[in-house]
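Undergrad: For reference, the sequence and a predicted model appear below.
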Amino acid sequence: MFCCQNQIAQHPQEDEKVKVKLELTSETGHTDRDLTKAVANDITAIQVQQRTNEAGSKYKSFCYGIFDNPSELTLELNKGYLYKLEITTVVDAKNRIATTTDPSSGLMVIRQPFTLTGSGADNRVQNKFIYTSSNYLNYISQGYTALPNASGSTYSLYNRPTTDRYYGVAEDFLADGAVGVKVETKRVVFGLKYEISGFNEGVIIVKLASAPAVEITPQSAATQQNLFTFNGSVYAVGEWVSDFYSEQIAYTVTWRKTDGTEVEVAARQGEFMRKKLYNLVIDLSRTSGSSSVEISKENGKLEGAGDIIL
């Protein structure tokens, strides 16, 4: 996942600095996005940790940064130390994630997953690295995200938000004069699209565990697609970028008719894999008690996945 020098530091020197240029890429073959040239509404967060090569040494927070313009990313590291970088990008984050504005600086303050632990934590979008051992981006490797509610003045927190997200990690690279490090970020999402028959009134409500409810109308059904970021795990950092990563997720499908009555179409659990687009096929033409639901894997920008039939 990364390309750099990977030797063991013998004589770490905090008084001697090394400037390292950081280059972000997205996984080849699945998207043409260049995260180093992110569009204006994307947000990228970077967490850097440092350790020595001494036996039993552990990584400690070194610096972090929150960027909406990551075109020039240069780190100043201590020569001879080993470093770990974690990077995450949320596509269209400024429109998808709850934000406020810092009254003193006018800078955007963005909420989870870009919040930090520690006193004096500063999660403003500053387009620079903040060198501190006191603060840490605590949700950088998890789905936990603040999505604005309809009013825009409040927000709700979800472990599987409806966001398009990338994550990458580079570990144990040596700051020894190398001019750069390249980190490949991978898409940590799955998607749903919809094919619904016998649907001419009301809304279909699809609710995945720990995700916001998604509503489909007769007008939107043919073209609507929704992406979901995985929950991830604080206990297995980076696991969610595995090619075979999946989560078992409970979900319900409900038909709310125009008169307000609700029909439960399905309540099940299924396996959802990274980079897969699933086609949710629902037949409402039968009686309410026997309506069928099928989820199939569909080719598209995400890889094909297969059908799930309810």
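TA: Now that the structure is in, tell me what you want to look at. Numbers count the residues shown, from 1 in each chain.

Undergrad: Run through the helices of this structure in chain order.
TA: Using DSSP state H, the helices of the chain run over residues 93-96.

Undergrad: which regions of it lie under the pLDDT threshold?
TA: Flagging of the chain using pLDDT under 70 yields the residue ranges 1-14, 28-39, 177-179, 234-237, 286-292, 296-310.

Undergrad: center of it, which residue is that?
TA: R165 (3.2 Å; C-alpha atoms, centre = their mean).

Undergrad: how much space between it and A150?
TA: 22 Å (C-beta to C-beta, to the nearest Å). No exception for glycine: its C-beta is placed from N, CA and C like everyone else's.

Undergrad: Residues touching stretch 199-212, excluding its own?
TA: Stretch 199-212 is contacted from outside by 143, 147, 156, 158-162, 192, 194, 196, 213-218, 221, 226, 228, 231, 249-258, 265, 280, 282, 284, using C-beta atoms under 8 Å, 6 or more residues apart in numbering.

Undergrad: residues contacting the residue nearest to the centre of the chain?
TA: Contacts of R165 by C-beta under 8 Å, 6+ apart are 88-91, 143, 187-189, 229.

Undergrad: and if we set it to 6 Å?
TA: Under the criterion of C-beta atoms under 6 Å, 6 or more residues apart in numbering, the neighbours of R165 are 90, 188-189, 229.

Undergrad: Now do the closest residue to it other than its chain neighbours against P113, distance only.
TA: Nearest in space to R165, with sequence neighbours left out and distances taken as C-beta to C-beta, 6 or more residues apart in numbering, is T229 at 4.5 Å. T229 sits 9 Å away from P113, going by C-beta to C-beta.

Undergrad: rewinding a little: how about the contacts of R165 in CSV, adding distance to Y131 and neighbour count?
TA: As requested, the contacts of R165 are exported to CSV (distance: C-beta to C-beta, whole Å; neighbours: other C-beta atoms under 10 Å):
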residue, distance to Y131, neighbour count
V90, 24, 23
V188, 28, 28
V189, 32, 26
T229, 29, 28
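
Undergrad: Can you tell me which of those comes closest to S105?
TA: V90 (21.6 Å; C-beta to C-beta).

Undergrad: Who does that closest one form a beta bridge with?
TA: Under DSSP bridges, the beta-bridge partners of V90 are I43, R165.

Undergrad: ok, it to N78 distance?
TA: Per C-beta to C-beta, V90 is found 30 Å from N78.
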